[in-house]
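> The sequence isn't on hand, but the structure is:
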């Protein structure tokens, strides 16, 4: 599929604002210079000098500071921006231009197009994009990939681009020696951390002909683009950026922390007025004190139907296993004291009115709650649970409205600590994965909401699946920096052969190691079995049976490879298509069935299976019995133990 990009006027304005700041600069197609060939040692231990080669660097600015400032003023006037009193110089560079663009308006597209425009007008061809995280780095690289054909049509040339890797320095040779448009993408951790790999950029390396990578890069006088500069403008980082000796620095962000020469602005109000982004709907939660009582109540919403309105209220209820907080639909005259199991704090709370116009519930004791208000014993944990519930509910509402149109709904949860979602050590300090506080809340609220929205059209809930992918816990050290775990992030972002199963992407995504790091992975729903020896992603599902099953498969000495089967793998039956869960291959000679197709269920009792699902499974048994040999087996298992009973 080829993506088509529509030229947007506001994006063209941003590109022209950048290029017009250099109006009058003569066009020179890559200034030729002699590259440092370095030196090497031959087999006899003698130092030899490699053959010299030519490089192509950006031509220096021919404009005076005064001419550049005049150009900046012209750009600022046509956008009604304040006129800069002077060029704002930094320790990194003398030319520093700010481009303010609201999130979601295509700033990555704009700065990539600006490279092509600067090349077309002035001949500059060496560019570096500096980003604050590995996730954004991968996003920029993907943008360069998917816009390649588009810019080829417009500018009749392709950009050569690569991600800086201290162990793949041959890319720097090409970056310097190639006369075409070249782009290097680098995350700040690659040159501003204390790790061994980060230091390599400043060291004379034997595998790089005793040269320093930073010297080879800086010799090109690259133009530098900073993506989200407010995240990478610490004193140490600025010192490091100066080593690249950029010709000019352009900063792109919606929220600049430091102001330089601002040449373009498309803020949130501008974007909204131009209908470039939609407004954000916020569901607020407020805590209200009810005089003279500590009764916990949370008014979730008012539901309106043909009959009288009802209120969805969370309250505490006495149950066999203790007091639990439960959401109930309340009608007029409902007595919370009775409903709660005679909990004293609810005495006097009888619903007197439910007003759909004001979204409020009034009780006979004159207490009132408005939708979104919580009262009584509202702890931090209770607030977080409410927030998670509201997010899940909103997700399902969007899902039901958009799924039939083929629109994927993605819900992201930004949390304050990884340990609140996944804990990877137990009390004795062993590396054992355990769900954190938020994970338990999420799974409870997700399953509760799922139960409410399931319909006869989707009796198994396949439309509302949950896929969460993480690397094995023992591989990640959460006490260390992002850079220290970079090989793991690289694996999840680029190396693993994980891809979207078209038509049925997962509906919720979380990458535990990257919570809070701006990480948004590709949507993983299946793992290609050809990667059997390197594939180490763990698929964690909302069904605990499957989560435990995967852990034991991963640790099993008998299992060669296992794969979560994609939805494209199905068996047609009289009651609809049936998709088994797993395919597992065992070591030959260790088991009686080398290949096994498994359906994982929490219970082996047919009484616990829906009738339709039970029929599908019976059809699958007959299907596999007809088409397979003794080496291939299909069955339903409730865990790894049952699986091994069937194959050993």
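Looks like it arrived, so ask away. Here the structure is a predicted model, which means the values were calculated and not measured. Numbering: from 1, shown residues only.
> For residue 96, list each beta-bridge partner.
Under DSSP bridges, the beta-bridge partners of residue 96 are residue 249.
> in the stretch 401-550 of the chain, which segments are predicted with low confidence?
For the stretch 401-550 of the chain, the stretches flagged by pLDDT under 70 are 424-432, 454-545.
> One more pass at 80, please.
The stretch 401-550 of the chain contains residues with pLDDT under 80 at 403, 406-419, 422-434, 452-548.
> got it, and the stretch 201-350 of the chain?
Residues of the stretch 201-350 of the chain meeting the criterion pLDDT under 80: 207, 268-269, 271-273, 275-294, 305-306.
> residues making contact with the helix or strand harbouring residue 393?
Taking DSSP states H and E as the definition, residue 393 sits inside helix 380-402. Helix 380-402 has contacts (CB atoms under 8 Å, 6 or more residues apart in numbering) with 283, 285, 287, 296, 298, 300, 314, 325, 374, 409, 411, 413, 437-438, 441-442, 445-446, 448-450, 453, 463-464, 507-508. Where C-beta positions appear, they are placed from N, C-alpha and C, glycine not excepted.
> tally of neighbours for residue 577?
The local packing of residue 577 (other CB atoms under 10 Å) involves 12 other residues.
> Show the contacting residues for the closest residue to it other than its chain neighbours.
Leaving aside its chain neighbours, residue 577 sits nearest to residue 570 (4.2 Å; criterion: CB to CB, 6 or more residues apart in numbering). Listed by CB under 8 Å, 6+ apart, the contact set of residue 570 reads 577-579.
> got a pLDDT number for residue 570?
We have a pLDDT of 75 for residue 570.
> Would you check how far apart it and residue 576 are?
Noted for residue 570: a distance of 9 Å to residue 576, by CB to CB, to the nearest Å.
> what's the answer for residue 139, then?
Applying CB to CB, the value for residue 139 to residue 576 is 38 Å.
> And residue 558, by the same measure?
To residue 576, residue 558 is 34 Å away according to CB to CB.
> now, which of the contacts of helix 380-402 lie within helices?
Taking DSSP state H, the ones among the contacts of helix 380-402 that sit in helices are 437-438, 441-442, 445-446, 448-450, 453.
> Can you tell me which of those residues are buried?
For the ones in helices among the contacts of helix 380-402, a burial check counting by 16 or more other CB atoms under 10 Å picks out 437-438, 441-442, 445-446, 449-450.
> all strands for the stretch 501-648 of the chain, in order.
Ranges of strands in the stretch 501-648 of the chain, per DSSP state E, counting those that start in this stretch, are 526-527, 538-541, 559-564, 582-586, 595-600, 632-637.
> Relative to residue 438, how far out is residue 444?
From residue 444 across to residue 438, the span is 11 Å (CB to CB).
> Leaving out sequence neighbours, find the closest residue to residue 159.
Leaving aside its sequence neighbours, residue 159 sits nearest to residue 181 (CB to CB, 6+ apart; 4.5 Å).
> again, but for residue 38
Excluding its sequence neighbours, the residue lying closest to residue 38 (CB to CB, 6+ apart) is residue 209, at 2.6 Å.
> got TSV for the buried ones among the ones in helices among the contacts of helix 380-402, with distance to residue 354 too?
Formatted as TSV, those follow (distance: CB to CB, whole Å):
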residue	distance to residue 354
437	33
438	32
441	28
442	30
445	24
446	28
449	22
450	27
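> that older thread, is it true that the residue nearest to residue 159 touches residue 123?
No - at 10.0 Å, residue 181 does not count as touching residue 123 under the criterion of CB atoms under 8 Å.
> Overlap of the contact sets of these two?
Shared contacts of residue 181 and residue 123 (CB under 8 Å, 6+ apart): none.
> Tell me which of those two has more neighbours.
Comparing residue 181 with residue 123 by neighbour count (other CB under 10 Å), the higher total belongs to residue 181, at 22 against 18.
> gap between the more buried one and residue 127?
Residue 181 sits 8 Å away from residue 127, taking CB to CB as the criterion.
> okay, and the common contacts of these two?
Residues touching both residue 181 and residue 127 (CB under 8 Å, 6+ apart) are residue 115.
> Helices along the stretch 251-400 of the chain, start to end?
For the stretch 251-400 of the chain, the helices defined by DSSP state H, counting those that start in this stretch cover 268-273, 336-339, 380-402.
> and residue 35, which of these is closest to it?
Closest approach to residue 35 among the helices of the stretch 251-400 of the chain (CB to CB): helix 268-273, 44.0 Å.
> Measure how far that closest one is from the centre of its chain, please.
Centroid separation for helix 268-273 versus its chain: 25 Å, with CA atoms, centre = their mean, to the nearest Å.
> With stretch 358-368 instead?
Relative to the chain's own centre, stretch 358-368 is displaced by 42 Å; criterion: CA atoms, centre = their mean.
> Contacts for that stretch, please.
Here stretch 358-368 makes contact (CB under 8 Å, 6+ apart) with 290-291, 293, 299, 301-302, 311, 313, 330, 336, 348-355, 369-371, 375.
> What of stretch 17-30?
56-59, 61-63, 67-68, 71-72, 74-75, 79, 97, 99, 114, 117-118, 121-123, 125, 179, 250, 263-264.
> Mind checking which of these are in helices?
Applying DSSP H to these, the entries found in helices are 67-68, 71-72, 74-75, 114, 117-118, 121-122.
> Can you flag the buried ones in those?
By neighbour count, with 16+ other CB under 10 Å, the ones in helices among the contacts of stretch 17-30 hold 68, 71-72, 75, 114, 117-118, 122 as buried.
> closest to residue 197 among the residues you listed?
For those, the nearest to residue 197 is residue 114 (30.1 Å; CB to CB).
> mind listing what's buried in stretch 332-348?
Buried residues in stretch 332-348, counted by 16+ other CB under 10 Å: 334-337, 339-340, 343, 345-346, 348.
> Same check on stretch 547-565?
Buried residues in stretch 547-565 (16+ other CB under 10 Å): 547, 549-551, 553, 556, 559-565.
> How many residues are close by residue 588?
For residue 588, the count of nearby residues is 9 (other CB under 10 Å).
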